[in-house]
Every structure is written in structure tokens, then in C-alpha cells.
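1. Sharing a sequence plus its predicted fold:
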Amino acid sequence: MKTISGRVIKAVASKFWVDTDDGVRVCFARKKLKADGAIYVGDRAEIVRDRDACVIEKVLPRANALVRPYVANVDVCLVVVAPEPEPDLLLADKVIVNCLAEGIRPVLVWNKSDLEKGDLAEYNGVCETLECSAETGEGIDALASSIRGQTACFAGQSAVGKSSIINALLDSPALEVGELAKKIKRGRHTTRRAEIIPLGEGTYLVDTCGFSMLDAVDVPPEELRLYFDDFEKFRPECRFNTCLHLDEPDCAVKAHLGCGVGRGRYERYKLIYAELDDRRKNKYD
């Protein structure tokens, strides 16, 4: 049997679409690979022809991975927020930590700038920030330039406009776009799977379900501070080298609250730390 390699660009139920040099092949997976999460969209895989079907024989090692949704081998993650629904910056911070832990470049994107301009000043020095409007096209060219030649994953709440941004980048209504439920200010899930979309010039977009990576941060609580670069620059001024920036005396991070350290970022840091600490305690209870 001839073995060929390719990239998983779509997964629905037990079927996987693999992009190879010979075109896109619809494949099934060996039993040992059928476990949930064993094959991610974005995976590099080896496939063989078995009778009348193409079968994924092996998944190659991943450079990185995100969960909920399952996506592998991503270069950049566009964390999208908007004035409606109300921005969930706790979610954004968790996604950013997860990206940094996986070696993925996070970019915080404020969409719907035609409704309201964003204030992302507290993310200066944290990650790249962009502002755009999928409705008017403002900022879309800058966004395209930022991800050119890379595989970009979209993350964020439902109804923030991830699919609308992809449509603007594609300049075509290729994806179903959901409307914001006006009364409850919450989005309907219109994207139900992860799928890789080629944009050209080596750029690939990963459209993903609106999701909440509330449990996706998987780092020891005492290492969380290492993923908050805006805090770490002040750590040499702390009394203790291992300062967690919580209850320790003479903490430089707390001393710079509102002047170099965003108060909102700090409060969310404490929430994430407490969540990680509780998870570890429950693990051994």
C-alpha cells in the first residue's frame, strides 16, 4: 500500500478531509486513532489506500495544539472580542496564556469598531492588538498582513464576528454568519466544527466554534506569572525572586497597579491563579 502524507483540514464525525499533493482525500481512521481528540484539524498525517477507502495510518508529532476546539500546528491565534457581546477578557487572558504555553503568537482583535472603538491599552506589551470592522472593512488589510504566510486560528465568544472577519478576508460569503440574539446579547453557534480554509500566499485560516477555554490553561499555578510579561518586567524589583504577586510583601507588581500594570489584568491573574490552585488541590484530594 502506498503511503502519502497530508494535512487534516476538516473533520466531521468519523470522516477526515486530508489535503495531499494528490488533492483532498476523504479518509477514515484506524481504530487506535478513533479516540476523541486523537486527530486534530491541522494535524500532519500519513494515509494509505485500503481497499476502496483512504485510511489515516499515523498522526505525525505536533508543533503545538489547542483544545476546545482541537486544532494543531497553529502559528497565530486571533483572539476576537467586540463591544457586543460584552468582552470576556478573562477568557481572552486564558487563551493568551494557553497560546504562550504552546508557542503560538496571540493577537487580540477588537472587532465591530464601527459600533464602538476598543480600549486595549492594558494589553500594551502583552501581545499585538488590532482593531477592525468586518462590516465596513476597516482594519481588514492590516489583519491580513499580520497573518500572511501563517496558519491562523480564530478564538473567542460566539457572535463576536469570527466568521464575519473570515468572510471579509476571503471577500466572499463563504461561511454562514450568525446574528446576535438582540434580547439576551448572546450569540448563536453557527460554526459547528473546526475547518482550515486556504487564503492564498501560504496563509490558512482555521474557523472554529464559539468556545470557552475555561479549563484549557494547563500550567502549574506558581508558573502562571511567567506568562504575564507585563508583570514579569517588574519582578526584579520584588523583595522575593519567586514572588507570585499575591500576598507577598514589597511586591513591585502590586506597587505598579494602574501605572504599568492594568488593574483588570491583575484581578484576572488572581482569578486564574485561584482556579489553577483549586484544580491542583482537587486533583490530590
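-> Received it, and whenever you're ready, just let me know what you need.

2. From now on I want contacts and neighbour counts done on CA atoms only, so please keep to that.
-> OK.

3. Give me the nearest residue to residue 170, chain neighbours excluded.
-> Counting by Cα to Cα, 6 or more residues apart in numbering, the nearest residue to residue 170 once its immediate chain neighbours are dropped is residue 199, at 6.7 Å.

4. Which residues are in contact with the one you found?
-> With Cα atoms under 8 Å, 6 or more residues apart in numbering as the criterion, the residues that contact residue 199 are 169, 170, 205.

5. what about 10 Å?
-> By Cα atoms under 10 Å, 6 or more residues apart in numbering, the contact set of residue 199 is 144, 148, 149, 150, 151, 166, 169, 170, 205.

6. Quickly note the distance from it to residue 65.
-> Distance, residue 199 to residue 65, by Cα to Cα, to the nearest Å: 21 Å.

7. Mark which of the contacts of residue 199 are buried, thanks.
-> Taking 16 or more other Cα atoms under 10 Å as the criterion, what is buried in those is 144, 148, 150, 151, 166, 169, 170, 205.

8. what sits against residue 147?
-> For residue 147, the residues meeting the contact criterion (Cα under 10 Å, 6+ apart) are 75, 76, 77, 78, 107, 153, 202, 203, 204, 205.

9. just to revisit the earlier point, wasn't the residue nearest to residue 170 part of a helix?
-> No - residue state for residue 199 (DSSP: H, G, I helix; E, B strand; the rest coil) corresponds to strand; a helix is not indicated.

10. any weak-confidence spans in this protein?
-> The model of the chain has pLDDT under 70 over residues 1, 34-37, 68-69, 172-193, 208-216, 284-285.

11. what's the spacing between the longest helix seen in it and its chain's center?
-> In the chain, ranked by residue count with DSSP state H as the criterion, the top helix is helix 263-284. Averaging C-alpha coordinates over helix 263-284 and over its chain gives two centres that are 20 Å apart (Cα atoms, centre = their mean, to the nearest Å).

12. Give the buried residues for it.
-> For helix 263-284, a neighbour-count test (16+ other Cα under 10 Å) marks 265, 266, 268, 269, 272, 273, 275, 276, 279 as buried.

13. Tell me which stretches of the stretch 101-250 of the chain form helices.
-> For the stretch 101-250 of the chain, applying DSSP state H, counting those that start in this stretch gives helices covering 140-147, 162-170, 229-232.
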